[in-house]
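J.: Okay, sequence plus prediction incoming.
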Amino acid sequence: MPLRRTRPSGGATVHFYKATRFLFPSSFRLRIFSLCFVATHLPLATYILWKAADGDLQWAPVLVLLSGTLAGTGLALGAIHGLLTPIEAASDALLALEAGQRVGQLPGGGRDTVGRLLASVNRAALATDRLIQSLDQAATHDVLTGLYNRRGFLAQVGQADIAHRAGALAMLDLDHFKRVNDLGGHAAGDRVLRTFAALLEVGVRKGDVLGRWGGEEFVVVFPDTGVDEAIEILNRVARTVREQPLMVPGGGT
């Protein structure tokens, strides 16, 4: 069955939009204003031509009508300005999303065209924000353990509030980890790494920075901490590991 190409709705409106681009081509707002001005003054121009053709043109009624049309034009332009504001906000938000920037949620609208546009932009902004967060997480965190990876760890300790403070640095690794992989396979090794990372995360303090450096190697920075205090913290973690062995299939540790 051959596929049929469907035309997007609103084609005539798009054609009219393109046909009027000669009016203020860089400003959609001024284009609408100019069309609104012409439309509101068209009845007055018709009246003037009619009376002038009859030779009965009187300027007093013309001035009254002109005052009314000018007031109506001002009211219409003010209303159009207010109606275009959310559209411009949605357009700016889409440009920001296209540039990969995060945008705040726009105010919700009704069920009309502008309301649906705002809702669509909010959905796009939420999806983009989630994507950026997932990409940031993947770029700076170890997928297996959830700790900082090497890149994320270096970025974290490179921040001004940590980089310029005294502290202690510890590099940790798991003894005989190759034997774990040989006996239980890589799945068992992954479980051991996840378990150790969880115990390490619980054992250190809230302000300490830890990450997986690579393989079975882990790294911890203890800001504002002396060597003796850091060793005490790590000994506490080691005792916890001895009390809760990192189990692998077959009962090995």
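T.: Right, received. Where do you want to start?

J.: Strands of the chain, residue ranges please.
T.: Residue ranges of the strands in the chain, as given by DSSP state E, are 167-173, 209-214, 217-223.

J.: ok, Q244 - contacts?
T.: Contacts of Q244 were listed using Cβ atoms under 8 Å, 6 or more residues apart in numbering, and they are L199. (C-beta placed from N, C-alpha, C; glycine too.)

J.: possible to save the strands of the chain as a markdown table with distance to W50 and mean neighbour count?
T.: Below are the strands of the chain laid out as a markdown table (distance: least, Cβ to Cβ, whole Å; neighbours: other Cβ atoms under 10 Å):
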| stretch | distance to W50 | mean neighbour count |
| --- | --- | --- |
| strand 167-173 | 89 | 15 |
| strand 209-214 | 83 | 21 |
| strand 217-223 | 86 | 21 |
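
J.: Reformat these as a markdown table; add mean pLDDT and distance to R242.
T.: Written out in a markdown table, the entries for the strands of the chain read as follows (pLDDT from 0 to 100; distance: least, Cβ to Cβ, whole Å):
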| stretch | mean pLDDT | distance to R242 |
| --- | --- | --- |
| strand 167-173 | 91 | 14 |
| strand 209-214 | 93 | 19 |
| strand 217-223 | 94 | 17 |
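
J.: Excluding covalently adjacent residues, which one is nearest to L210?
T.: Spatially, and ignoring its direct neighbours in sequence, L210 is nearest to V220 (4.4 Å; Cβ to Cβ, 6 or more residues apart in numbering).

J.: partners of that neighbour in the sheet?
T.: Bridge pairing for V220 (DSSP bridges) gives the partners A170, L210.

J.: L84 against S27, yeah?
T.: No - if you go by Cβ atoms under 8 Å, L84 and S27 don't touch, sitting 10.7 Å apart.

J.: Between those two, which has more neighbouring residues?
T.: Neighbour comparison, L84 and S27: the larger count goes to L84, with 16 against 11 (by other Cβ atoms under 10 Å).

J.: mind checking pLDDT for the more buried one?
T.: Listed pLDDT for L84 reads 80.

J.: The spatially closest residue to it that is not a sequence neighbour: how many residues sit nearby?
T.: The spatial neighbour of L84 that comes closest, neighbours along the chain excluded (Cβ to Cβ, 6+ apart), is R29 at 5.7 Å. By the measure other Cβ under 10 Å, the count of residues near R29 is 15.

J.: For R29, give me the pLDDT.
T.: For R29, the pLDDT comes out at 79.

J.: cool, and the one 10 residues further on?
T.: pLDDT, the model's per-residue confidence, is 81 for A39.

J.: phi, psi of the residue lying farthest from the centre of the chain?
T.: The outermost residue of the chain, judged by C-alpha distance from the chain's mean C-alpha position using Cα atoms, centre = their mean, is G55 at 66.4 Å. G55 has phi and psi values of phi 70, psi 20 when expressed as degrees, to the nearest 10.

J.: And for L144?
T.: Phi and psi for L144, reported as degrees, to the nearest 10, are phi -70, psi -50.

J.: same thing with G109?
T.: phi -120, psi -170.

J.: Quickly note the distance from it to A125.
T.: Using Cβ to Cβ, to the nearest Å, one obtains 14 Å as the distance from G109 to A125.

J.: what about those two, which has more around it?
T.: The residue with more neighbours, out of G109 and A125, is A125; 20 against 16, by other Cβ under 10 Å.

J.: Contact partners for that one?
T.: A125 is in contact with A93, L97, R102, V103, G104, Q105, L106, counting by Cβ under 8 Å, 6+ apart.

J.: and if we set it to 10 Å?
T.: By Cβ atoms under 10 Å, 6 or more residues apart in numbering, the residues touching A125 are A93, L94, A96, L97, Q101, R102, V103, G104, Q105, L106.

J.: pretty sure the third one contacts T128?
T.: Yes - using Cβ atoms under 10 Å, A96 and T128 qualify as a contacting pair, with a distance of 9.2 Å.

J.: so what sits against both of those two?
T.: Overlap between the neighbourhoods of A96 and T128 consists of R102, V103, taking contacts as Cβ under 10 Å, 6+ apart.
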